[in-house]
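Student: Here's my sequence, what's the structure:
(one chain, ligands or ions: 1)
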Amino acid sequence: MKILCISGSPRGKRSNTFKLMEEAASGIAAVERDVSVEYVHLANLKVEFCTGCDTCHRKLLFCPLKDDVAPVLHSMREADAIILASPVYINHVTAQLKALLDRSSPFIHCQMLAGKHGASLATSGGGPHAMVLDYLKEYLVSCGVQYVGGVSGPVSRFDSMKEEAKALGADLAKAVKGHIAYPDQLSAMEKRREFFKGVIASRKEEWKGEYEYWKEKGWI
Ligand SMILES: Cc1cc2nc3c(=O)[nH]c(=O)nc-3n(C[C@H](O)[C@H](O)[C@H](O)COP(=O)(O)O)c2cc1C
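Tutor: Residues are numbered from 1 along each chain as shown. All right, here's what the predicted structure looks like:
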């Protein structure tokens, strides 16, 4: 089982949110022995901002920007499960994580991460945090990932969050192992696919790469 853990905190291994990720990984390891966990600290990578040039839609996932994003997107496609983690920065994910997600729009247009499971983690200094989990869930489900759950809270609750993150990791591993399906999410994905079918069909000359992917999938 391949697990990809992406941390949006700039604080590396000192990050509270990253520590929750490690707890989640230990929960996964308690359920599944044959597991490989890849950690990505976005702050250590060069992640340019999306310029909206549209190239990745025309030539699927090809981006003219020269940085470290392509291998991360590749790892996302290879993983069985993806965990996204971010501290709350001014009521949202960090700029580091948002910059990565902005670079992945074909994942959403083509639900390219279908068949995978996912989870998310967030910590705040004391203010609201649930909206970050909601946002990350929405992102993952938009990409076709079935969302197993999330853990978030203020750092004052860190000890109990560690336990919750460990339990979340175990649930995630069970979901991957048991191919657990979430019918409400699958039907939301189907509706979204219906919407994008119209978009992709109307732009088939322009967004050739995405159109070809849709054709290969037999969705169009
Ligand atoms: C630039 C910045 C913005 C922040 N914004 C918020 C916020 O909007 N609400 C909040 O409760 N905490 C906020 N915090 C506190 C962090 O969310 C909190 O310390 C978090 O646990 C840090 O996570 P990390 O250790 O994983 O980096 C902010 C911290 C920084 C540095």
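
Student: CA only for contacts and neighbour counts going forward, please
Tutor: OK.

Student: burial measure for residue 161, as a count.
Tutor: 22 (other CA atoms under 10 Å).

Student: I meant to write residue 217 there.
Tutor: Residues lying near residue 217 (other CA under 10 Å) number 10.

Student: cool, residue 178 as well?
Tutor: 9.

Student: for residue 126, same thing?
Tutor: Neighbour tally, residue 126, other CA under 10 Å: 12.

Student: Could you pull up the residues touching it?
Tutor: By CA atoms under 8 Å, 6 or more residues apart in numbering, the contact list for residue 126 reads 153, 154, 155, 156.

Student: Which helix or strand contains it?
Tutor: Take DSSP states H and E as the rule and residue 126 turns out to sit in neither a helix nor a strand.

Student: what do you get for residue 189?
Tutor: Applying DSSP H and E, one finds residue 189 within helix 183-202.

Student: Buried residues in that helix, which are they?
Tutor: 185, 186, 189, 192, 193, 196, 197, 200, 201 (16 or more other CA atoms under 10 Å).

Student: And for stretch 138-145?
Tutor: 139, 140, 141, 142, 143, 144, 145.

Student: List just the nearest of those residues to residue 170.
Tutor: residue 145 (17.3 Å; CA to CA).

Student: quick one, phi psi at the closest one?
Tutor: For residue 145, the backbone dihedrals (degrees, to the nearest 10) come out as phi -80, psi 130.

Student: got a list of what it touches?
Tutor: Contact analysis of residue 145 by CA under 8 Å, 6+ apart lists 113, 114, 115, 116, 117, 118.

Student: before we move on, back to that, got JSON lines for the buried residues of helix 183-202, with pLDDT too?
Tutor: Putting the buried residues of helix 183-202 into JSON lines (pLDDT from 0 to 100) gives the following:
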{"residue": "185", "pLDDT": "97"}
{"residue": "186", "pLDDT": "97"}
{"residue": "189", "pLDDT": "97"}
{"residue": "192", "pLDDT": "96"}
{"residue": "193", "pLDDT": "96"}
{"residue": "196", "pLDDT": "96"}
{"residue": "197", "pLDDT": "97"}
{"residue": "200", "pLDDT": "97"}
{"residue": "201", "pLDDT": "97"}
